[in-house]
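S.K.: sequence first, then the predicted structure:
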Amino acid sequence: MKKRVAVLRGDGIGKEVTDAATAVLDSIGRRFHHEFEWVNGLLGGEAVDKAGQPLPEETIKICEESDAILLGAVGGPAWDNHPSHLRPERGLLQIRKHFELSVNLRPVQAFKSLLAVSPLKEEVAEGVDMMIVRELTGGLYFGEPSFHDNEKAVDTLVYAREEIERVVIHAFELAKQRRNKVTSVDKANVLESSKLWRKIVEEVAENYPEVEYEHMLVDAAAMKLITYPAAFDVVVTENMFGDILSDEASVITGSLGMLPSASLRADGFGMYEPIHGSAPDIAGQNIANPIGAILSAAMMLRSSFGMEQEASAVEKAVKSVLEDGYCTNEFKNIGRKVLSTREMTEKIINEIECELIADNILSAYV
Ligand SMILES: NC(=O)c1ccc[n+]([C@@H]2O[C@H](COP(=O)([O-])OP(=O)(O)OC[C@H]3O[C@@H](n4cnc5c(N)ncnc54)[C@H](O)[C@@H]3O)[C@@H](O)[C@H]2O)c1
Ligand SMILES: CC(C)[C@H](C(=O)O)[C@@H](O)C(=O)O
Ligand SMILES: [Mg+2]
């Protein structure tokens, strides 16, 4: 199968981890006889510098002509004082909005081999397998008016029924394929938007009698997420709560660098990116953890291309390298074998290609 993928490496470690993800997918291509055509586009700070805007028209065109989008991360101190329309993060919000990527899936899984390095007690992190479903194109990030001057600052939190319905339905559908439980997180004791959110969750739930659901206020959810994370199956929430809770949940896995994500349009078109940022503190040092980006690529294989076996091969390779005791720099000082970004990527590729050699030997005898 031939697939064309728009690659938006972005800024800082975004470039390093995206290179890792495409290298891993090239090895999947070799093993399963697929051809991935990578088409680079500018996004974020580099796009501001080279094209005068964080999301150039040319990038939109490249993405429109592709089967999926792979993204690194954007931002960095060089652009922190730019006006809002020239901030790298603005480009990210624009691309999410342009492609109507309203459902953002952020799976959180505790790898057994990393349980000992999670800041949480082993018995708390053990068995965690949750899916955070974050609304991605509404809420505070996009509401108007939005401005500040020296005396006043305004952000607007707006949600239309349809925006809430589609993400909540997605969450209940996912729960049906998982453990039949939805936790809807809101702030309905204060926010009007959360009151509508809660009402819609109850309406949708009526169509899913087999799915158990609960409402949880976001402050309590933030606490329960790290004290009793195994209790969560599908967590559905609005844009900003989902942003914050998913970084918090990454702690369960041991590192922010571990978490992947998929941002999906209603017709299945998707953009795939790790949940972390451009990490200026470690950029350019070849020490970033590429696993979040590599697992995002696996989500792309499964969700955009229907390549289940290929996605599993990536996930299996990641798991196996972690089980062999390897890790990246943020896990140093805990007695594991520390690899650079590129070395970790090569180890994962070796795992994938070992299986290729095994397949070849096997087919020679069959
Ligand atoms: N999707 C995105 O493009 C995205 C997401 C979050 C933040 N950002 C942007 O990134 C910039 C930096 O933000 P920040 O520092 O608050 O958040 P960050 O996620 O970039 O980094 C937070 C901390 O986690 C560490 N970290 C992150 N990813 C890692 C990885 N793969 N391996 C090892 N360690 C990793 C960093 O070194 C840092 O200490 C800002 O401009 C922000 O707006 C972009
Ligand atoms: C960079 C920022 C706009 C972005 C967000 O808040 O959505 C990031 O934190 C993320 O989680 O993808
Ligand atoms: Mg975030």
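M.R.: Here it is on my side, so go on. Ligands and ions are numbered 1, 2, ... in the order given.
S.K.: so which strand or helix has residue 353?
M.R.: Using DSSP states H and E, residue 353 maps to helix 341-365.
S.K.: which other helices and strands does that helix contact?
M.R.: Using 3 or more CB pairs under 8 Å, 6 or more residues apart in numbering; DSSP states H and E as the contact criterion, the elements in contact with helix 341-365 are helix 13-32, helix 291-303, helix 308-323, strand 326-328. In this view, the C-beta of every residue, glycine as well, is placed from N, C-alpha and C.
S.K.: report the angle between the second one and helix 308-323.
M.R.: Compare the direction of helix 291-303 with that of helix 308-323 by axes from the mean of the first three to the mean of the last three CA atoms, to 10 degrees and you get 160 degrees.
S.K.: between helix 341-365 and helix 291-303, find me the angle.
M.R.: Using the same axes, to 10 degrees: helix 291-303 against helix 341-365 is 40 degrees.
S.K.: any idea how far the residue most central in space within the chain lies from residue 16?
M.R.: When CA atoms, centre = their mean is applied to the chain, the residue found nearest the centroid is residue 261 (1.8 Å). Using CB to CB, to the nearest Å, residue 261 is found at 18 Å from residue 16.
S.K.: my guess is the residue nearest to the centre of the chain meets residue 103, correct?
M.R.: No: contact criterion CB atoms under 8 Å: residue 261 and residue 103 do not qualify, at 10.6 Å.
S.K.: contact residues of the stretch 251-366 of the chain facing ligand 1?
M.R.: 255-257, 273, 276-282, 288-289, 292, 330 (CB under 6 Å from any ligand atom).
S.K.: filter those residues down to the ones in strands?
M.R.: Using DSSP state E, no member of those falls in strands.
S.K.: which of the residues you listed lies closest to ligand 2?
M.R.: residue 277 (5.9 Å; CB to the nearest ligand atom).
S.K.: what pLDDT is listed against the closest one?
M.R.: Listed pLDDT for residue 277 reads 98.
S.K.: one more: residue 175?
M.R.: 98.
S.K.: so which helix or strand takes in it?
M.R.: With DSSP H and E as the test, residue 175 turns up in helix 161-177.
S.K.: which parts of the helix or strand where residue 202 lies are buried?
M.R.: Using DSSP H and E, residue 202 sits in helix 192-205. By 16 or more other CB atoms under 10 Å, the buried positions in helix 192-205 come out as 193, 194, 196, 197, 198, 200, 201, 204, 205.
S.K.: low-confidence stretches in the stretch 51-200 of the chain?
M.R.: Flagging of the stretch 51-200 of the chain using pLDDT under 70 yields an empty set of residue ranges.
S.K.: close to ligand 2: what parts of it are there?
M.R.: For the stretch 51-200 of the chain, the residues in contact with ligand 2 (CB under 6 Å from any ligand atom) are 75, 89, 92.
S.K.: same thing but 8 Å
M.R.: Contacts of the stretch 51-200 of the chain with ligand 2, taken as CB under 8 Å from any ligand atom, map to 73, 74, 75, 88, 89, 92, 93, 96, 104, 136, 141.
S.K.: of those, which pair is most distant in space?
M.R.: Comparing all pairs in these by CB to CB, the longest separation belongs to 88 and 104, at 18.4 Å.
S.K.: who's more crowded, the two?
M.R.: Using other CB atoms under 10 Å as the criterion, residue 88 and residue 104 rank with residue 88 on top: 29 against 25.
S.K.: got the contact list for that one?
M.R.: Shown in contact with residue 88 (CB atoms under 8 Å, 6 or more residues apart in numbering): 10-11, 43-45, 47-48, 54, 74-76, 79, 278.
S.K.: also residue 5?
M.R.: The contact partners of residue 5, by CB under 8 Å, 6+ apart, come to 22, 25, 36, 37, 38, 39, 66, 67, 68, 69, 70, 300.
S.K.: take those residues and write them to TSV, including secondary structure and distance to residue 186.
M.R.: Shown next, in TSV, are the contacts of residue 5 (DSSP: H, G, I helix; E, B strand; the rest coil; distance: CB to CB, whole Å):
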residue	secondary structure	distance to residue 186
22	helix	38
25	helix	37
36	strand	40
37	strand	42
38	strand	40
39	strand	39
66	coil	35
67	coil	35
68	strand	31
69	strand	30
70	strand	32
300	helix	30
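S.K.: now stretch 251-263: average pLDDT?
M.R.: For stretch 251-263, the mean pLDDT works out to 96.
S.K.: how long is that stretch end to end?
M.R.: Terminal residues of stretch 251-263 lie 21 Å apart, using CA to CA, to the nearest Å.
S.K.: also stretch 183-203?
M.R.: End-to-end span of stretch 183-203 (CA to CA): 15 Å.
S.K.: contacts for that stretch?
M.R.: By CB under 8 Å, 6+ apart, stretch 183-203 touches 139, 157-159, 161, 164-165, 168, 171, 182, 213-219, 221, 232-238, 241, 245.
S.K.: count of neighbours near the closest residue to ligand 2 within the stretch 51-200 of the chain?
M.R.: The nearest approach of the stretch 51-200 of the chain to ligand 2 comes at residue 89, 4.1 Å away (CB to the nearest ligand atom). Neighbours of residue 89 under the rule other CB under 10 Å: 18.
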